[in-house]
Structures are given as C-alpha cells and as structure tokens.
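J.: below is the sequence, then the predicted model.
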Protein chains: 2
Amino acid sequence: MKFTIQRDHFITQLNDTLKAISPRTTLPVLTGIKLDAFDNKLVLTGSDSEVSIEITIPTEKGDNEILSVDTKGSIVLPGRFFVDIIKKLPADTVTIETNDNFQAKITSGQSEFNVSGIDSDQYPLLPQVSEQEAITLPIKVLKNIIKQTNFAVSTSETRPVLTGVNWMISDGILNCTATDSHRLALRKLQLENTNIETINVIIPGKALSELNKIIDDTEETIDIFFASNQVLFKVGNINFISRLLEGNYPDTSRLFPESYETALSINNGDFFHAIDRASLLAREGGNNVIKLSAVENAVELSSTSPEIGTVKEDVKTNKFEGEGIKISFNSKYMMDALRAIDNDDVQIEFFGTMRPFILKPEEDENLVQLILPIRTY
Amino acid sequence: MKFTIQRDHFITQLNDTLKAISPRTTLPVLTGIKLDAFDNKLVLTGSDSEVSIEITIPTEKGDNEILSVDTKGSIVLPGRFFVDIIKKLPADTVTIETNDNFQAKITSGQSEFNVSGIDSDQYPLLPQVSEQEAITLPIKVLKNIIKQTNFAVSTSETRPVLTGVNWMISDGILNCTATDSHRLALRKLQLENTNIETINVIIPGKALSELNKIIDDTEETIDIFFASNQVLFKVGNINFISRLLEGNYPDTSRLFPESYETALSINNGDFFHAIDRASLLAREGGNNVIKLSAVENAVELSSTSPEIGTVKEDVKTNKFEGEGIKISFNSKYMMDALRAIDNDDVQIEFFGTMRPFILKPEEDENLVQLILPIRTY
C-alpha cells in the first residue's frame, strides 16, 4: 500500500474515525484505525464493536486532488498515536507506505516515522446493513431529536434497555422515547415519504451522542437504515453503524395522566436561571432537592440545607390555571428538561403533589418532558 | 456588616481571591473568603497559609460608584460556594448583610440566599511585611522572569528548596535560578534604582505560578518587598504575600563549563516542532529519550522504541562551530527550555556527550537554560 494525501483533510477524517475507538477494548486490534487504499479512494474504519465508523475519502474534492493512491492495500495502525503523528507533521502532504512486515513508513517534509501496524485480516468484519428499510431526515431535525431525548437515558446498567432511546415508527409517525425511570423525554415527528410501516428499536444513548458529534450541517439530510440488530446512519461519505439494544422497551404511554389540576406558563430563561441558583445550595446540601410552590402569578422556589443555609427565588408566571400546588423535584432533571425544550415560554402541567408533572413548549404537542416529583411536603 | 456592590466588579476580585484558596486545607476556616467592610472600602482575603491574597475594593472606580457600605463589619463566607452564588445572581448589584449569628443574607433582584458564615476572629492574621527592602519591576519583565525559570523547579519534595526559585540580588543584579537537578534555568536582570545590597531568598514555585495568573497588564509596575521569611508583591489594589522556603539553595555557578566543544545556532520553531514530533514516539516508548546527532549544517533527531517504531527528523543549522557530537536528552526538558527562550534563533553549546549542554537566545547573555544529557551512546 502506498498513497499520498492532503494532511489537513486527512486529519479531519481521522478525528471523526477516532470517535468510534475506545482505549478500553478487549480486542487490541480495535485500538487501531484500519486504512484500506483502493484505486480511487481511501477508506478509514474505527470501531469499538458497539459503534463503527467508516469514512470514504475520494481522490478529488471539488477541483482539488486530495488523494493519490500508488499501490492498493490495507493495514491497521495504532489509532490515537497515528493521528497525533499526522497532526504534527511539518508539510501539507503526507505519504504512507507499508511493507510486507506491516510496517508503515510515514513521511512528510524532513520527518520520517516507521510505525508497527497490524495485518488488516485481523480486523473484525463490519456488520452489513441492508439499505432497504430507510427514513431520511434533515440533519437539523435529527440533531434536535438527539438533544431533546438523549440526556434522559439511564446511565445505570441495571436495566440495559433504558440506556438507549426507543425509536418507534407507526402510522407514519416517529416516536422517540428516553427514560431513566425518574424522568422521561418524548419527541414525536411526522415522517414524510417513508415506506416503513412499523419499526420498534432501541438505539444506545452513547451511539447517538457520538453520532451527534460527528454530523454537521455541511450535508442537508441523513439516511437511516434499520436492520434486525443494527442501525446505519449514512451522511455524505460517512457510514455510522451502531448495534441495537436487545430486549423490550417498557410501555410508557400510561405514564401520561389525562387532565391536569394546575397549569402554568413561565419564561424558560428566568425559570431556568432561578433553578440554577437554587441548585447551588441544593447540590451543596447533597440532595439536589428544590421545593416549588405555585400560586396565581408567581412561582416560589426554595431549598434548605441546615448547615449551609437557605435560598428563595421568585419567578413570575405568564398564565396560571387551576389550584395552587406545592411540589419538590430534582433540580438536575428540571434543568435538563428546560434545556431540551429550548423555547421562550414553557407550559407546565401538574396532576397533584405525588404524581409526575409534565413540561412542554407552549403551543407544541410534539415534545413532552415528564418528571417524577420527590416526596418532601 | 451591610454593603451593596456592583456584581461584575465583585466577581473579578473574588475570582482572584479564590486563587489563594485550597480545598485541601487543615484549617477549615481557610476554605472561606474573609470580607472586611470599612467606611470607604471592602477588603477580600484568601489564604492557604502559604500564599495569601488581599484585595481592596474602593467605593469608586473612575467616576462610578461600585461599592456602598451601610454598616462596617466582617465575616468569613464559604469560598467557592459563595463565589458561585455571586456569579449566578440575576441583578447588576448584590447586597450582603450579616447578623449576630454569622448568617449572611445575600440579595439580588428576586433572589435571596441565607448562608452560614464563620466569625472572622477565627481567621488567622496575615503576616505583616515591612515595606522597606523593595524592588520595582515592570509587570512584563516579572511575568517573563516567571515564565523563563518557574517551569524548571522540582516537583518532588525530596529536596524542598528545589521546589522554589532562588532570587539573589548582589551588585545591582537580580539572578533567578530554578533547577530540579536534571535541568536548570537562570535569568539575570540589571536592576535600576534599588537600595538593596544583597538578598538571597527562595520563593515557592507554586506561589509564582499563582502570582503570574493574577497580575495582568492593567498596571505598569509591581513592587516587591522582602522580609526574613515572607515576600510581598504589591500591584494596584492587590497584595500577594508568600512565605519563603527555608534552607540554603545549592551553589549552581560551578555547573556552567568554561568553553564549548561544539556550538550551533538553529531556528527555534523548526527545532521545537521536530522534537515535539520525535517525542510522540519517545513518550509512547515510555522513556522520553531523543538522540541528537549534530554535524556541519544539520541536526538529526531520532528515537526508537522496539515495539512501536522509529522516527527520524532533520533540522538545518544556521551556524556550526567545533566538532560533531552525539548526545541524548529528555524531550520534555528540551521543549521546556526552547519555550522559555522564545527567540527566533537559539544558540546551543555542547561540552561533550556526558556533560550538561546549554541553550540561550542568540546574542543575549541574560538567559541560560542548562540540561543534563542521558547516557545512551
């Protein structure tokens, strides 16, 4: 294998490939990046066996030649170390040449590295996802869905299915649900032009965070292909493959109560900052609990920690309907939900002191954040 | 005590005060910030008992009133937590009022905190440094001295005096020396208008780093006062006091050999980047050792690690005098020294493969970096 490539372009693609690689892997070859040089392209592969990223670099981009392949071939090079070398090389281009002992000679300007690689035959084969059951989403919409649901997945492995986001398609509507059993995020989306009748899969939360870091707005849309145990996200020259979580996702529809006892509308920013301040004390006290007392016109937030002190915050409401309520909650869950809603005004509906309450953007039924209260009153 | 203060100005000064505070302290009261409100000023104090910072906030800055004191008094409030609260408050001003139980009420807009404080009588008295034996330096020069020497102090407590920088004044010249016994940095400075005949003190390296973070170019000069076991740096409204290290600093003058066997001049940036690259492999190999082979016109750098690979770098020399030489060194020490020299061209003088070599800016005798080689050849 021998090729010469524009270094800045190579670095960008290597950085994305690295995102799939974990330094803690049971299979040493997976700490490496696989390079496959073909006549007219170079393919980079990184994987931690849960998530795999495959990036294709063409020989030309626009009118510029960015890659020239002299000899086809492939090798696996030590991931992080290899990328660090490429980043620090002195010249605009870098040439990589391998020999029969899986040694790679890396040259750029007056700099020459010889790095020991691994036979690419030892690299596991990536799962093949048939490109049939597909939906296409604008990148912005996908990033928004991830932002609005992914934070709510469980970080505990007690119930592995809860570490993922449930993507369910039926009647042309995509429902994305995440819950750690203390709070729940639900985002709905009407799909256009899909041939899929029903899909019910659980995508690992970690995979969605990685995907979110890699995709940007240089492409307009992303294609998503579902297989029985894999999902493939395809955007531009990047293939992002994640395994799906096995198991049944719990039915969460019955968590949503019917009619509220109290409803109010409040400015998102004012409410968020007041909770942020109150949480300073709640956190210092060690329990993160904030008490909320809502009456006509205003919400009072408070937190008390005997040794440290007390805090009291007042926030005006825009609208108020129903009875006054006192309820306690975890400040982190509330701040996560408000961040996900990302709207000027938030509608909050309460169903009693002991029952979950919900938050949603005013005049938008496609996003619901549900939070279980903490019993203190 | 009761006062009202402009929040943004307060935050800046609190952040600087915090720099003296360590969360790991044997004296709990030192995790706090002491506030002393006088008729016409507020004094903030932070200390970890090694370093103390005292900042005076006047009532006016330019034509603006920034502080108004209603009632004099003092209190110690929990450092980090108190500063976090002030940072997040909603309004432009904040009012702080204490009661007889050392509770502080902090109000700003619709936000009200009540925080438990400590009687300021429990706060240790700061050392008093007589303002007699003084030198005055431009801030830029002091920052440069710190940058050029402080990195070379020892991080090991085996020989405590080596964790500090030796400041020695005699014949109107300031000599600043730092060494960890593997490398040494020496910076000389001709003093102007000083009444000091001789000074020989050891200032803790950590104190100098903290000082460097706090002082900026808003003031032109800094006054430095020496006492038997303390040093006071006074700049604008900040007093920065550090204890001095006890013990005798080793005599390092005999480390510098007389006449070199090899001397060369090389571009700092090119040389630095070549070492930076070679160190990638040297670091991965676990020993940080780089070999240098200098002949007429060029320096070859190389490093080898049997399992990982090899690297070779060539850098042109500008001048070359004397015999060719092969020598090995720790890449980190070399990069630190080149960074401190911060000059386009570096002069390197060798005295044989087994003897220390020195680096200095071309045509400047006031800065010398000395490095002990590693025996490999």
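T.: Alright, I've got the coordinates. Numbers count the residues shown, from 1 in each chain, chains lettered A, B, ... in the order given.
J.: please make it C-alpha for all contacts and neighbour counts, starting now.
T.: OK.
J.: how close does the nearest residue to A:P138 once chain neighbours are set aside get to A:I135?
T.: Residue nearest to A:P138 in three dimensions, not counting chain neighbours: A:T221, with 4.2 Å by C-alpha to C-alpha, 6 or more residues apart in numbering or on different chains. Going from A:T221 to A:I135 by C-alpha to C-alpha, to the nearest Å gives 10 Å.
J.: likewise for A:R159?
T.: 28 Å.
J.: between the two, tell me which one has more neighbours.
T.: The neighbour count for A:R159 versus A:I135, taken as other C-alpha atoms under 10 Å in any protein chain shown, is higher for A:I135 (17 against 13).
J.: beta-bridge partners for that one, please?
T.: On the basis of DSSP bridges, A:I135 is bridged to A:I224.
J.: just confirm it contacts A:I224, I think it does.
T.: Yes: with contacts counted by C-alpha atoms under 8 Å, A:I135 reaches A:I224, the gap being 5.3 Å.
J.: and A:I325, how many neighbours does it have?
T.: Residues near A:I325, counting by other C-alpha under 10 Å: 17.
J.: secondary structure element for the residue nearest to it when sequence neighbours are not counted?
T.: Of all residues not flanking A:I325 in the chain, A:A294 sits nearest, at 5.4 Å (C-alpha to C-alpha, 6+ apart). Element membership of A:A294, judged by DSSP states H and E, is strand A:289-295.
J.: A:I146 too?
T.: A:I146 belongs to helix A:139-149, assigned by DSSP H and E.
J.: show the average pLDDT along that helix.
T.: For helix A:139-149, mean pLDDT is 96.
J.: mind giving me the packing neighbours of it?
T.: strand A:173-179, strand A:183-190, helix A:205-214, helix A:331-341 (3 or more C-alpha pairs under 8 Å, 6 or more residues apart in numbering or on different chains; DSSP states H and E).
J.: of those, flag the one that's most buried.
T.: strand A:173-179 (a mean of 23; mean count of other C-alpha atoms under 10 Å in any protein chain shown).
J.: of all the helices and strands packed on helix A:139-149, which one is nearest chain B?
T.: The minimum distance between chain B and the helices and strands packed on helix A:139-149 falls on helix A:331-341, with 14.6 Å, by C-alpha to the nearest C-alpha.
J.: direction included, what does the helix or strand that comes right after the closest one pair against?
T.: Downstream of helix A:331-341, the first helix or strand assigned by DSSP H and E is strand A:345-350. Strand A:345-350 has its sheet partners listed here by DSSP bridges as strand A:262-267 (antiparallel), strand A:357-361 (antiparallel).
J.: can you put the ones you listed in CSV and add mean neighbour count?
T.: Listed next are those as CSV, based on neighbours: other C-alpha atoms under 10 Å in any protein chain shown:
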stretch, mean neighbour count
strand A:262-267, 20
strand A:357-361, 23
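J.: burial of the residue nearest to A:P138, as a residue count?
T.: Should you count by other C-alpha under 10 Å, A:T221 turns out to have 17 residues around it.
J.: that one against A:K143, yeah?
T.: No: look at A:T221 against A:K143 with C-alpha under 8 Å: they stay out of range, at 10.9 Å.
J.: what does the helix or strand where A:A274 lies rub up against?
T.: Taking DSSP H and E as the criterion, A:A274 maps to helix A:268-284. Helix A:268-284 has contacts (C-alpha atoms under 8 Å, 6 or more residues apart in numbering or on different chains) with A:288-290, A:301-305, A:308-315, A:331-332, A:335, A:338, A:342-346, B:81, B:84-85, B:88-90, B:111.
J.: in the strand of greatest length in chain A, what's buried?
T.: Ordering each strand of chain A by length in residues (DSSP state E) puts strand A:309-322 first. For strand A:309-322, burial by neighbour count (16 or more other C-alpha atoms under 10 Å in any protein chain shown) applies to A:G309, A:T310, A:V311, A:K312, A:E313, A:D314, A:V315, A:K316, A:T317, A:F320.
J.: how about the first one, nearest residue that isn't a chain neighbour?
T.: Spelled out, it's A:G309. A:G309 sits nearest to B:V115 (C-alpha to C-alpha, 6+ apart), 4.4 Å away.
J.: ok, A:Y249 next?
T.: A:V161 (6.2 Å).
J.: specify the local secondary structure of A:V94.
T.: Three-state assignment for A:V94 (DSSP: H, G, I helix; E, B strand; the rest coil): strand.
J.: report the beta-bridge partners for the nearest residue to A:Q190 once chain neighbours are set aside.
T.: Once flanking residues are discounted, A:Q190 sits nearest to A:I173: 4.6 Å by C-alpha to C-alpha, 6+ apart. Taking DSSP bridges, one finds A:S170, A:Q190 as the beta-bridge partners of A:I173.
J.: so who does A:I173 touch?
T.: A:K188, A:L189, A:Q190, A:L191 are the contacts of A:I173 under C-alpha under 8 Å, 6+ apart.
J.: how about the residues of the stretch 151-300 of chain A by chain B?
T.: When proximity is defined as C-alpha under 8 Å from any C-alpha of the partner chain, the stretch 151-300 of chain A approaches chain B at A:H273, A:A274, A:D276, A:R277, A:L280, A:E284.
J.: filter these to the buried ones?
T.: A:H273, A:A274, A:D276, A:R277, A:L280.
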